[in-house]
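> Just a sequence and a predicted model for now, questions to come.
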Amino acid sequence: MHSHPHGGKGRRSNRLNIRNRVRPVGWIGGEGPPGALTEFDQSQTEDNKGKTMKKLIILMTAAGMLAGASYAADVSMSVDFASAYVFRGATFNDGAVVQPGLEVSGFPIPEEWGSLAIGTWANMDLSSYGGAYDTGEFSEIDYYLSYSLPVTVVDLGVTYTEYTYPNGGSADRELAVSVGKDLAGLYPSLTYNYGLDGAIEGDSYIAGGLDYGMDLSDALSASA
């Protein structure tokens, strides 16, 4: 089952830069999971894949340029392997998946202006989910832009996310506002998400969280 990433312990600038991933769940009820080929023709699917690859190339190129720049922006990458893709009670694939992510932060802007992060997250299906997906291909690729406001009392952030489905279907776009506070190792947070476009247009969702983290050594930490 997929577990969602969160920012590193004790790093205020990263706490709310990692977006709270929101997935549309309106398909529950027989229409099939988003990203599955239904009535979309092959030409539309290939066009979606082409646009998706262009976005990935642009983002990866920008990340490489920033990583080599003199101010040394932070570039982080992750790869999760999961036995299923489940989110908010909805099963998007009940078989094995791999979910890579890439984020660029640490842009050279004055600290009193806050901080920015851009990133992407994807889901590749290692099982076909009853023929709904092509094994070894991405069924979802998301792009996000996060801005952490320069507030000292709490961590306050705004995130714009675009969810795309290479196998067909219109993109979903969303805006989220998050607030959190580090309390002696405990990190309670609250996020309000609002759908701007696509299948989630006009929908809102509020999610609460409580994280706990501790440093085991200089190079190792644990969280729950």
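Received the coordinates, thanks.
> all strands of the chain, in order?
74-82, 85-87, 90-93, 97-105, 115-125, 137-148, 155-164, 172-180, 186-197, 204-215, 221-223 (DSSP state E).
> which residues sit in contact with Tyr147?
Neighbouring residues of Tyr147 by CB atoms under 8 Å, 6 or more residues apart in numbering: 114-116, 157-159. (Glycine included, C-beta is placed from N, CA and C.)
> re earlier: can you redo the strands of the chain as CSV with mean pLDDT?
Shown next, in CSV, are those (pLDDT from 0 to 100):
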stretch, mean pLDDT
strand 74-82, 91
strand 85-87, 84
strand 90-93, 87
strand 97-105, 94
strand 115-125, 94
strand 137-148, 94
strand 155-164, 96
strand 172-180, 96
strand 186-197, 94
strand 204-215, 87
strand 221-223, 68
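> Would you format the ones you listed as a markdown table with distance to Gly131 included?
A markdown table is the format used below for the strands of the chain (distance: least, CB to CB, whole Å):
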| stretch | distance to Gly131 |
| --- | --- |
| strand 74-82 | 20 |
| strand 85-87 | 16 |
| strand 90-93 | 12 |
| strand 97-105 | 16 |
| strand 115-125 | 11 |
| strand 137-148 | 13 |
| strand 155-164 | 22 |
| strand 172-180 | 23 |
| strand 186-197 | 29 |
| strand 204-215 | 30 |
| strand 221-223 | 37 |
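> so Asn123 makes contact with Ser139?
Yes - counting by CB atoms under 8 Å, a contact exists between Asn123 and Ser139, whose distance comes to 5.7 Å.
> Give me the common contacts of the two.
Common neighbours of Asn123 and Ser139, counting by CB under 8 Å, 6+ apart, are 92-93.
> can I assume Tyr129 is in contact with Asp94?
Yes - between Tyr129 and Asp94 there is a contact under CB under 8 Å: 6.5 Å.
> out of those two, which sits in the more crowded spot?
Shown here are Tyr129 and Asp94; by other CB atoms under 10 Å, Tyr129 has more neighbours (21 against 14).
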